[in-house]
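Participant: got a sequence here, can you build the structure:
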Amino acid sequence: MVESIENAIQLLITGLCTLICARTAYLTMKRTWILLGLASGVYFLGDLYWQLYLLFYGETPHYSHISYTSWYASYLFLILLIIELKGDKDTSISGEKSKRNERDRMKEVLFPGKEYKILWLIPVFTAGMCIFYMQWGDYISNIVSGVLMSVLMLNSAKGLILDKHRSEKSYGRKMLYISMLIFCAAEYLAWTSSCFWDGDSLLNPYFWFDSMISISFILFPIALSRCYRGLVGKDDE
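Facilitator: Numbers count the residues shown, from 1 in each chain. Presented below is the predicted three-dimensional model:
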């Protein structure tokens, strides 16, 4: 019962986030709003399948790969959102992309770099958790989630560090990076607690960590709107 209610709340939040992003993308023609709308939309679809299965069969899905595929797609769209926000001053659909070497750009996305040695702890952490989760799940899904989470966390943490050295500060951009890291932390906490399932009650920490994921989808559009107000808005004037 608690799981159904918590999932329904998350469905409502991700659904509203999708609608808000779709409307804002239509009005502003910004790629980042489209990417966030796609991220929240596919996450919504994964939750929807999970919720319908709970309602019809009264248990968690046996074929959970359907939901996990949607959630993996959401991680990918969030990664693209961070890359888009970091890489271009003007992220409008009609704007021109900066011409950078694609190989260097891909290397920057996938690896911390020599100047960010501390960030190598992120892939070490995700690799360790991947091996740990393999005791309960299949190898392929754990590897996929580990790689996507590594890239998302790396780019969010790197963006947060780079923002400190920018001459023009943006509270919204900083808030978005922090929201992404909170989202990743909540996912790992939820996955870990699900390995030690403590029943369908409010005492189960899984539901509290999963609620943190829902809160992240509230923060994402707020942070992105402030990011444009503090950063891109000046370019559009």
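
Participant: okay, CA-based contacts and neighbour counts for the rest of this
Facilitator: Fine.

Participant: for stretch 163-175, the averaged confidence score.
Facilitator: In this model, stretch 163-175 has a mean pLDDT of 71.

Participant: what's the end-to-end length of it?
Facilitator: 11 Å (Cα to Cα, to the nearest Å).

Participant: so where do the strands sit in the chain?
Facilitator: Counting by DSSP state E, the chain has no strands at all.

Participant: low pLDDT regions in it?
Facilitator: Judged by pLDDT under 70, the chain has its weakly predicted residues at 62-63, 87-115, 164-170, 230-237.

Participant: leaving out sequence neighbours, find the closest residue to Y177.
Facilitator: Distance criterion Cα to Cα, 6 or more residues apart in numbering; nearest residue to Y177, sequence neighbours excluded, is S156 at 5.0 Å.

Participant: these two touch, right, the one you found and I182?
Facilitator: No - using Cα atoms under 8 Å, S156 is not in contact with I182, being 10.3 Å away.

Participant: among the two, which residue is more densely surrounded?
Facilitator: S156 (25 against 17; other Cα atoms under 10 Å).

Participant: list the contacts for that one?
Facilitator: Counting by Cα atoms under 8 Å, 6 or more residues apart in numbering, S156 touches 82, 177-178, 180-181.

Participant: keep only those of these that are in helices.
Facilitator: Using DSSP state H, 82, 177-178, 180-181 are the members of the contacts of S156 that sit in helices.

Participant: using TSV, lay out those together with distance to F196 and neighbour count.
Facilitator: As requested, the ones in helices among the contacts of S156 are exported to TSV (distance: Cα to Cα, whole Å; neighbours: other Cα atoms under 10 Å):
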residue	distance to F196	neighbour count
I82	32	22
Y177	30	25
I178	28	21
M180	25	26
L181	23	21
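
Participant: what about the helices in the protein?
Facilitator: Using DSSP H, the helices found in the chain span residues 2-28, 31-57, 65-87, 102-110, 121-133, 139-164, 171-194, 205-227, 233-236.

Participant: just want the angle from the third one to helix 31-57.
Facilitator: Taking axes from the mean of the first three to the mean of the last three Cα atoms, to 10 degrees, one finds that helix 65-87 is oriented at 170 degrees with respect to helix 31-57.

Participant: centre of the chain to helix 65-87, how far?
Facilitator: Counting by Cα atoms, centre = their mean, to the nearest Å, helix 65-87 is centred 6 Å from the centre of its parent chain.

Participant: list the buried residues of that helix.
Facilitator: Across helix 65-87, burial judged by 16 or more other Cα atoms under 10 Å covers 67-86.

Participant: same for that helix, what does it pack against?
Facilitator: Using 3 or more Cα pairs under 8 Å, 6 or more residues apart in numbering; DSSP states H and E, the elements in contact with helix 65-87 are helix 31-57, helix 139-164.

Participant: got it, and the fifth one?
Facilitator: The contact analysis (3+ Cα pairs under 8 Å, 6+ apart) places helix 121-133 against helix 139-164.

Participant: right, I'll call it a day here.
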